[in-house]
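Enquirer: Sequence first, predicted coordinates after that:
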Amino acid sequence: MKIFKLDAINSTSTYLKQLSKETDVDNWTVVSAEYQTLGRGQVETKWISEKGKNLLFSILIKYESLKIQNHFYLNCAISLGIYFALLKFQLPKLMIKWPNDIMADNKKLGGILIENSLRNDRIYQSIVGIGLNVNQKDFSEYPFKAVSIKNLTGTKIERDTLLHELINSIRVQINFLKNGEFDLLHKKYKEVLFRINKPHMFESNGKIFIGKIIGVSESGKLQIEDELENRLEFNFKEVKYL
């Protein structure tokens, strides 16, 4: 495993993507940065991070045979890898918020952005960008409720050690993916899904309704049961929590 450590970069994922175009990059190559000027979240949202306080990194993962139709299980594997690596900190209400956010104490602890490269009906490699709030203390300028491991534990975290632990944990879950253990990944993902089976207010197409999350479909759609026990399915950005 090669780890490239950079001081400041526009985006670790953009850097790794360009590197993979220019040369034959080894599987599990990692690019980590102290600061990103153009860090991205889902659907081009910006990922904000104080310099030198958090983990901002991207991983190149290659596959021999991963069908596009199984892309959701890749999301499961990456999210679960991070989740299991963080268990040792005993963070309150550590959960995965569909599709790719890591939550603790009902606040955002980290985010994941997966960019897949395709050949015919298969994914042959992914660049997985991860941002994790580690030692930052102030999130007052964030547009959403956020938290760090240090906020919750009161302890400064050794980031290099945590980076290696995260990568190793993700590799374990990716092995389940490569071995075709999709049901296992799906089951574990559902068990730690944020607000699973709890009534909550949602908004979709300008309409507000009360429902409860009951799971995620094999294609990665969020499944919500409304008050009339109708089973609804939503793609990302088609529904939001209120």
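Expert: Ah, there it is.

Enquirer: quick one: Tyr142 is in a strand?
Expert: No: per DSSP: H, G, I helix; E, B strand; the rest coil, Tyr142 lies outside any strand segment and is coil.

Enquirer: How much space separates the closest residue in space to it that isn't next to it in sequence from Leu91?
Expert: Excluding the flanking residues, the one nearest Tyr142 by CB to CB, 6 or more residues apart in numbering is Ile48, at 6.2 Å. Where C-beta positions appear, they are placed from N, C-alpha and C, glycine not excepted. Separation of Ile48 from Leu91 (CB to CB, to the nearest Å) stands at 20 Å.

Enquirer: name the helices or strands packed onto the helix or strand containing Met103?
Expert: Element membership for Met103, per DSSP states H and E: strand 101-104. Contacts defined by 3 or more CB pairs under 8 Å, 6 or more residues apart in numbering; DSSP states H and E place strand 101-104 against helix 71-86, strand 95-97, strand 107-119.

Enquirer: In stretch 5-17, which residues are buried?
Expert: Residues 9, 11-17 are the ones in stretch 5-17 that count as buried (16 or more other CB atoms under 10 Å).

Enquirer: okay, the angle between the longest helix out of those in the chain and strand 107-119?
Expert: Of all segments of type helix in the chain, defined using DSSP state H, the longest is helix 159-178. Compare the direction of helix 159-178 with that of strand 107-119 by axes from the mean of the first three to the mean of the last three CA atoms, to 10 degrees and you get 50 degrees.

Enquirer: Contacts made by helix 159-178 with the rest, please.
Expert: 1, 3, 28, 30, 32, 54-55, 57, 59, 61, 63-64, 66, 70, 73-74, 76-78, 80-82, 84-85, 128, 130, 132, 134-135, 184-185 (CB atoms under 8 Å, 6 or more residues apart in numbering).

Enquirer: In helices, which of the buried residues of stretch 5-17 fall?
Expert: Counting by DSSP H, those contribute 12-17 to helices.

Enquirer: Partner strands of the helix or strand of the chain with the lowest mean pLDDT and their direction?
Expert: The weakest-scoring helix or strand in the chain, judged by mean pLDDT, DSSP states H and E, is strand 240-241 (a mean of 90). Strand pairing for strand 240-241, using DSSP bridges, gives strand 199-204 (antiparallel).
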